[in-house]
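1. Test case, fold it:
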Amino acid sequence: MKRNYVIISSFLILIVFGVIWYLAFADQQRAQAAYEDISEVLSQQHDDIVTTSYGVKDKQIEVKLSDKASSTTRENVQQFIEKELKDRKLDDITVSVEIVNSDQQEKETTWMSPVPNIDTELKRKGVNYAGISIDWNPKPLTYYINTAFTNTASDKEEARGWL
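-> Take a look at the predicted model:
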């Protein structure tokens with residue numbers, strides 16, 4: 001009898017965690033879809049948008065406008081995004097709209113251009129590849145390849161063989 005309670009309780013706990021995970025995943029998908037829709041509308045309506053991005057972890061939509069944009073444009077973009085998020089009941093996402101130096105942004109974009117190719121190739125080839133990061137300061141620009149090596153017994157034996 002007691003065993004049945006343990007099994008049923010364990011099963012119910014798994015169901016609760018599954019539902020919580022599903023709801024969190026569905027919310028993340030809704031937010032991503034909202035960002036894509038907003039980004040598409042903004043790119044059609046405004047020529048002075050340099051970049052748009054959405055941070056899943058920090059739940060922030062970031063828009064960078066060229067320095068040719070007016071402060072009115074900045075305010076209009078901010079209000080549009082906030083209204084869209086409110087209409088979709090995504091109030092936990094923050095919005096950042098900045099006006100940036102176009103020349104500096106173009107230089108950064110140039111330096112970022114090889115990153116997707118490097119990332120794709122290393123993901124395809126490297127089992128221990130964990131990501132790529134960029135250090136902008138000090139000059140020169142430095143790309144860091146992040147790995148996820150583990151200390152397994154075979155790794156330790158191989159290291160001893162080197163010594």
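2. Run through the bridge partners of residue 62.
-> residue 53, residue 96 (DSSP bridges).
3. The closest residue to residue 143 other than its chain neighbours: neighbour count?
-> Using Cβ to Cβ, 6 or more residues apart in numbering and skipping residues adjacent in sequence, the residue nearest residue 143 is residue 134, 5.8 Å away. The C-beta positions use only the backbone N, C-alpha and C, and glycine is treated the same way. Using other Cβ atoms under 10 Å, residue 134 has 12 neighbouring residues.
4. Can you verify residue 134 is assigned to a helix?
-> No - using DSSP: H, G, I helix; E, B strand; the rest coil, the assignment for residue 134 is strand, not a helix.
5. so who does it touch?
-> 111, 112, 115, 141, 142, 143, 144 (Cβ atoms under 8 Å, 6 or more residues apart in numbering).
6. Using TSV, lay out those residues together with secondary structure, neighbour count and pLDDT.
-> Output for the contacts of residue 134, formatted as TSV (DSSP: H, G, I helix; E, B strand; the rest coil; neighbours: other Cβ atoms under 10 Å; pLDDT from 0 to 100):
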residue	secondary structure	neighbour count	pLDDT
111	helix	12	72
112	helix	11	73
115	helix	13	77
141	coil	12	72
142	strand	11	79
143	strand	12	77
144	strand	10	79
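7. coming back round to it: what confidence value was assigned to the residue nearest to residue 143?
-> The model reports residue 134 with a pLDDT of 75.
8. what about residue 102, distance to residue 77?
-> 16 Å (Cβ to Cβ, to the nearest Å).
9. before we move on, what about residue 24?
-> The gap separating residue 24 from residue 77 is 29 Å, by Cβ to Cβ.
10. neighbour-wise, which of the two wins?
-> The residue with more neighbours, out of residue 24 and residue 77, is residue 77; 22 against 10, by other Cβ under 10 Å.
11. in which helix or strand would I find the more buried one?
-> Using DSSP states H and E, residue 77 maps to helix 71-87.
12. Name the nearest residue to the residue positioned nearest the centre of the chain, ignoring sequence neighbours.
-> Nearest to the geometric centre of the chain sits residue 55, at 4.1 Å (Cα atoms, centre = their mean). What sits nearest to residue 55 in space, not counting adjacent residues and going by Cβ to Cβ, 6+ apart, is residue 62, at 7.1 Å.
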